[in-house]
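>>> next comes the sequence, and after it the predicted model I'd like to discuss.
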Amino acid sequence: MAVITVYREPGAMGKEVSARVAGHLGYCLVDRARLVQLSGEVDLDEARLIKVEEAISGRGAEIDAETEGYARLFEDLIAQLAEEQDLVVLERGAQGLFRNRPGTLHVRFIAPRKFRISQVKEREGLTGRKAISLIRAGERQRARYLRLLHHLDASEPTLYDLTLRMDRLSIEQACGLIVTAAREMGISQTPREKIVENIVSQPLQKRSGARYVNAAESEFARFLSFYHIPFQYEPRTFPLETDPDGRTIEAFTPDFYLPDQDLYIELTTLKQSLVTRKNRKVRKLRRLYPEVNIRIFYQRDFYALMAKYGLLSEMVSDER
Amino acid sequence: MNDKPNGIVEVLIDRETIGQRIVELAREISTAYRERAPLMVGVLKGCVLFMSDLVRELDIPVEMDFISLMSYADMRGPSGAARITKDLDCVIEGRDVILVEGIIDTGMTAGYLLRNLEARRPRSLRVCAFLDKEVRRIVRIPIAFRGFKAPDRFLVGYGLDFRQLYRNLPYVGVLSDEITGLNRR
């Protein structure tokens, strides 16, 4: 799906423009409120998000492993969302997370400091000093996400496809520029295979024209082939929900189908805490298609399978 | 029992329990094959301890043979296919065959072997598994004689290995995640 990442200098009106772009294009805006809402669906809560934000806002050079783990879980959540719907993502290291992903537009909002201070003062009803303090904290937090999670410098201009100087543009003009850029770059039309090809570091295996989304799927396909188990890769998409016009608005495509077993297998390499949404989709599929036999092969199942053949430590080191 | 080797975190099935269950299994098999002298085909190497104990408890005449399949662990190139590395010495056409497995989990190995053996047209072909880890099943395997249902943990001992070790333990133990690498997932 299409993704627009946003990096805002605090006070540069980036959020206002982003919300309008999301509304205009029909994309989901991933801001703090949306993250809190989504985290309720998985085993994360707002307290953990606050912990991450506080740690990342701090002045220390490093964050502890637990906090970094939480930050990466939130990133995983965003990455999972991007598999399902078009997004406009505000910060959270999204420029690093989706850095080389086709179908992505990276936007930065900038403005002179004086302009931004006046914006923050007006919007938040703050004194000049408090506005400056808020801007500094925001700058620090946004830059540290990228530095700590992706070792990237937020001020590096090549991270962005489009930089908008907001003291020279109205919100409408900025919105129009981003929408035009998204359309001109065709980010909504980027085929899934191209996205996959570019975000997976491991070489992809090809079989009967199929490409596998990640190394786990590729390994699983090799495993099936080894034992001469006939299978098809993503042969069928099951519509789960349609709008009043009959258009599919939610669907599910299991990864593998084993005709001899009449069994669909969905292989997920998501962390256990993030499979709730996938579980919900599978439950919905089972309810709508009771004749379909489907099994989720979780990350732990996959690792257990590899461990059985003594391959796990090898895999872990390969992944790193 | 206190002399567990490194990496064994729990004894799941002790030797006494194994012995009792094998007596019961042998009785079931002896009853089912009363007049038929079946051929017991052991799948190497996981079956070795189980099969040797089992056949000693049978009170019917049986023949024994063994078969071995290349392990997936031995295939680390981009592609490859399983092949039989040690085939049966006897002809099974028209015979009553019992395939004896140490453990069946995904069912891949047993499924492959059943397809292979069925093609040789035995009179009957049934499966006897010491452990049945049904929770991990991908390929459906009809198990006629089952020793124990196994939980979804990494089990070794009584013929079951991790990188060829632990097979000689007289009990079924749970191997630690530190040894298998599962702790690093």
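Arrived safely, thanks for sending.

>>> for the rest of this, base every contact and every neighbour count on C-alpha atoms.
Noted.

>>> pLDDT weak spots in the chain?
In the absence of a named chain, this looks at chain A. A:40-45, A:58-66, A:189-215, A:269-274, A:311-320 (pLDDT under 70).

>>> ah, I was thinking of chain B
Looking at chain B by pLDDT under 70, you get B:1-2, B:76-79, B:184-185.

>>> looking at it, which residue is nearest chain A?
B:Ala81 (4.0 Å; Cα to the nearest Cα).

>>> dump the residue contacts of that residue.
A:225-228, B:75 (Cα atoms under 8 Å, 6 or more residues apart in numbering or on different chains).

>>> which of those lies closest to B:Phe66?
The shortest approach to B:Phe66 among the contacts of B:Ala81 belongs to A:Tyr227, at 19.2 Å (Cα to Cα).

>>> OK, contacts around the closest one?
B:81-82, B:108-109, B:112.

>>> separate out the buried members of those.
B:82, B:108-109, B:112 (16 or more other Cα atoms under 10 Å in any protein chain shown).

>>> in helices, which of those residues fall?
If you go by DSSP state H, the buried ones among the contacts of A:Tyr227 have B:108-109, B:112 in helices.

>>> chain center to the longest helix along chain B, what's the gap?
Secondary structure of chain B per DSSP H: the longest helix is helix B:15-32. In this view, helix B:15-32 has its centroid 15 Å away from the chain centroid, taken as Cα atoms, centre = their mean, to the nearest Å.

>>> for that helix, list every residue counted as buried.
Buried residues in helix B:15-32, counted by 16+ other Cα under 10 Å: B:15, B:18-19, B:21-23, B:25-27, B:29-30.

>>> what's that helix packed up against?
For helix B:15-32, the packing partners by 3 or more Cα pairs under 8 Å, 6 or more residues apart in numbering or on different chains; DSSP states H and E come out as helix B:48-57, strand B:145-149.

>>> run through the residues that contact the residue positioned nearest the centre of chain A.
Centroid-nearest residue in chain A, with Cα atoms, centre = their mean: A:Ala79, separated by 2.1 Å. A:Ala79 makes contact with A:Leu97, according to Cα under 8 Å, 6+ apart.

>>> element containing it, please.
Using DSSP states H and E, A:Ala79 falls within helix A:65-84.

>>> can you give me the buried ones in that helix?
If you call a residue buried by 16+ other Cα under 10 Å, then helix A:65-84 has these buried ones: A:67-68, A:70-78, A:80-82.

>>> burial check on A:Arg101, number of neighbours?
19 (other Cα atoms under 10 Å in any protein chain shown).

>>> and it, helix, strand or coil?
Classification of A:Arg101 by DSSP: H, G, I helix; E, B strand; the rest coil places it in coil.

>>> if I look at it, how far off is A:Arg140?
Distance, A:Arg101 to A:Arg140, by Cα to Cα, to the nearest Å: 25 Å.

>>> which residue packs closest to A:Ala143, ignoring adjacent ones?
A:Ala154 (5.4 Å; Cα to Cα, 6 or more residues apart in numbering or on different chains).

>>> pretty sure the one you found sits in a strand.
No: applying three-state DSSP, one finds A:Ala154 to be coil, outside a strand.

>>> from memory it sits against A:Gln141, does it?
No: A:Ala154 sits out of contact with A:Gln141 when judged by Cα atoms under 8 Å, with a separation of 10.8 Å.

>>> can you list contacts of stretch A:163-177?
Here stretch A:163-177 makes contact (Cα under 8 Å, 6+ apart) with A:12-13, A:16-18, A:20-21, A:107-112, A:115.

>>> now do 6 Å
Stretch A:163-177 has contacts (Cα atoms under 6 Å, 6 or more residues apart in numbering or on different chains) with A:12, A:17, A:21, A:107-111.

>>> B:Asp65 - nearest residue in space that isn't next to it in sequence?
Computed as Cα to Cα, 6+ apart, the closest residue to B:Asp65 that is not its neighbour in sequence is B:Val41, at 4.9 Å.

>>> nope, A:Ile56 is what I meant
A:Gln141 (5.5 Å).

>>> residues near that neighbour, how many?
By the criterion of other Cα under 10 Å, A:Gln141 has 21 neighbours.

>>> name the element it belongs to?
Residue-wise, A:Gln141 maps onto helix A:128-150 under DSSP H and E.
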